[in-house]
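Asks: Pasting the sequence and the predicted coordinates here, then a few questions.
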Amino acid sequence: MSTVHEIADGIYRITTFAAYPELPEGGITFSFFHTGGRAFFPQTLEAIKKVVDLATLRYISWSHLEADECGALNDFLQVAPQAEPVCGLVGALLDVGDFFTRRDRR
């Protein structure tokens with residue numbers, strides 16, 4: 001289950017607990033400021049819908065190319081047809097376009 005926290009006026013953090021019984025704490029908590037991994041997409045999507053209409057998303061961004069940062073980008077691009085993927089210079093240099101269904105905005 002994901003939870004939504006407003007951390008500043010109009011800025012939200014999505015937090016998801018992933019159960020891993022082999023860990024002493026019983027799992028890991030992920031705080032999403034990006035797409036997160038594909039395994040968390042359904043939960044993350046439901047949490048995001050609590051604070052924004054997906055049809056109004058203009059940009060989807062991530063900090064670097066790793067599954068936990070942008071693994072669900074293609075899933076988000078399917079449900080947010082107006083959104084553009086946005087990356088930084090390093091991501092552009094790595095040609096993230098090879099991984100995603102829409103070209104990034106550089």
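Replies: That came through, no problem. Numbering: from 1, shown residues only.

Asks: Counting neighbours, what do you get for residue 24?
Replies: 5 (other Cβ atoms under 10 Å). All C-beta spots, glycine's among them, are computed from the backbone N, C-alpha and C.

Asks: hmm, who's touching stretch 79-96?
Replies: 45, 54-65, 70, 73, 76-77, 100, 102-106 (Cβ atoms under 8 Å, 6 or more residues apart in numbering).

Asks: Could you do stretch 59-68 as well?
Replies: Against stretch 59-68 from outside (Cβ under 8 Å, 6+ apart): 30, 33-38, 69-70, 73, 76-77, 80, 83-88, 90-91, 94, 96, 99, 105.

Asks: could you pull out the strands for the protein?
Replies: 2-8, 11-19, 27-32, 59-61, 84-86 (DSSP state E).

Asks: For the longest one, list the C-alpha coordinates in CSV.
Replies: I take that to be strand 11-19. Coordinates of each C-alpha in strand 11-19 appear next as CSV, following Å, rounded to 0.1, in the frame of the first residue of the first chain:
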residue,chain,number,x,y,z
ILE,A,11,4.3,19.0,-3.4
TYR,A,12,3.7,15.4,-2.6
ARG,A,13,5.8,12.3,-1.7
ILE,A,14,4.5,8.8,-2.4
THR,A,15,5.8,6.2,0.1
THR,A,16,5.5,2.5,-0.4
PHE,A,17,6.5,-0.3,1.9
ALA,A,18,7.9,-3.5,0.2
ALA,A,19,7.8,-6.6,2.4
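
Asks: Averaged pLDDT, it. What do you get?
Replies: Across strand 11-19, the average pLDDT comes to 87.

Asks: Please enumerate residues in contact with that strand?
Replies: Under Cβ under 8 Å, 6+ apart, the answer for strand 11-19 is 1-7, 26-33, 36, 39-40, 43-44, 47-48, 51.

Asks: please redo it, this time with the cut-off set to 6 Å
Replies: 2-7, 27-32, 40, 43-44, 47, 51 (Cβ atoms under 6 Å, 6 or more residues apart in numbering).

Asks: on that earlier part again, tabulate the strands of the chain (TSV), appending mean neighbour count.
Replies: What follows is the strands of the chain, written out as TSV (neighbours: other Cβ atoms under 10 Å):
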stretch	mean neighbour count
strand 2-8	12
strand 11-19	15
strand 27-32	14
strand 59-61	17
strand 84-86	18
